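A.B. asks: Build the 3D model from these lines:
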Amino acid sequence: EVEGRVSLKIYFNGKELPIGYGTGLAINFVHMSSSTRIAVPMIHISLSDSVDYLVTNKLLFDNCLITVVIGDQSNHSTTYEFRLNSFTNPNSAVSDKRTIEVDGYLNLVKYWQSTSFTSFTGTSSALMADISAKCSLNCISDKTSDSQTWFPRNLPYYEWARSTSERGYKSETSCMQLGIDMSRTLNYKDVANMETPTAKIGVGIPKSGYLFAVDASPTSSPG
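C.D. replies: Predicted coordinates:
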């Protein structure tokens, strides 16, 4: 728990990590992120494991299920499931304190790894709905006006979806973007014509009604 406000549980392959004082296992940080820039939401965990708990219990292997449960003061909790993608052990030469860093992706194995060779005829938004249905994703999409035949070229579903989104067309002023969020929802939206946001982010002086960003790195890309 963090000051009685937030509780965190982490399971590797169904086994809860005994995190706490005296166990030899501690969390350095847990980062979970989703963005239009990455194919699926990702997780990055840093653990100090001075007793080789993860290795001894054989919990580090490809596609290991990582479950994260985050709770609040009202006993409400949210569960996220990821699959282990890679791990590193940068301090393996240090015997008294080993740091293991784990990277994983949201538990969307079919979307991430399976491929397709069957073409699809229709709009790009209809294709997104079709891919979502096949990969057990929810779908929130703006309707596009770009009906044609789309070829997957034996690409993984996430690459086919991303390639399609880069060519999606709604109108002369549209800019279609694809992103999957932590709720397993595929969002395919015209970001040039978005609805008014309920939350706003401000940089500089904090203002009422704004989330305050303490650090920002503006970027731009042509097109």
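A.B. asks: Can you list the buried residues in the longest helix seen in the chain?
C.D. replies: Assignment by DSSP state H gives helix 124-134 as the longest helix of the chain. By 16 or more other Cβ atoms under 10 Å, the buried positions in helix 124-134 come out as Ser124, Ser125, Ala126, Leu127, Met128, Ala129, Ile131, Ser132. Glycine gets a C-beta too; all of them are placed from N, C-alpha and C.
A.B. asks: Also stretch 190-199?
C.D. replies: Buried, per 16+ other Cβ under 10 Å, within stretch 190-199: Asp190.
A.B. asks: Quote the end-to-end distance of that stretch.
C.D. replies: Using Cα to Cα, to the nearest Å, one end of stretch 190-199 lies 18 Å from the other.
A.B. asks: In the chain, where is pLDDT below threshold?
C.D. replies: Residues of the chain meeting the criterion pLDDT under 70: 1-2, 90-97, 215-223.
A.B. asks: Tell me which strands the longest strand anywhere in it pairs with, and in which orientation.
C.D. replies: Scanning the chain for the longest strand, with DSSP state E as the assignment, gives strand 77-88. Paired neighbours of strand 77-88 in the sheet (DSSP bridges): strand 65-71 (antiparallel), strand 99-106 (antiparallel).
A.B. asks: Please name every helix or strand in contact with the longest helix of the chain.
C.D. replies: strand 120-122, strand 138-141, helix 157-165, strand 185-190 (3 or more Cβ pairs under 8 Å, 6 or more residues apart in numbering; DSSP states H and E).
A.B. asks: Distance to Thr196 added to those, as a markdown table?
C.D. replies: Shown next, in a markdown table, are the helices and strands packed on helix 124-134 (distance: least, Cβ to Cβ, whole Å):
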| stretch | distance to Thr196 |
| --- | --- |
| strand 120-122 | 30 |
| strand 138-141 | 17 |
| helix 157-165 | 23 |
| strand 185-190 | 14 |
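A.B. asks: How much space separates Ile43 from Thr144?
C.D. replies: 31 Å (Cβ to Cβ, to the nearest Å).
A.B. asks: I appreciate the help and will end here.
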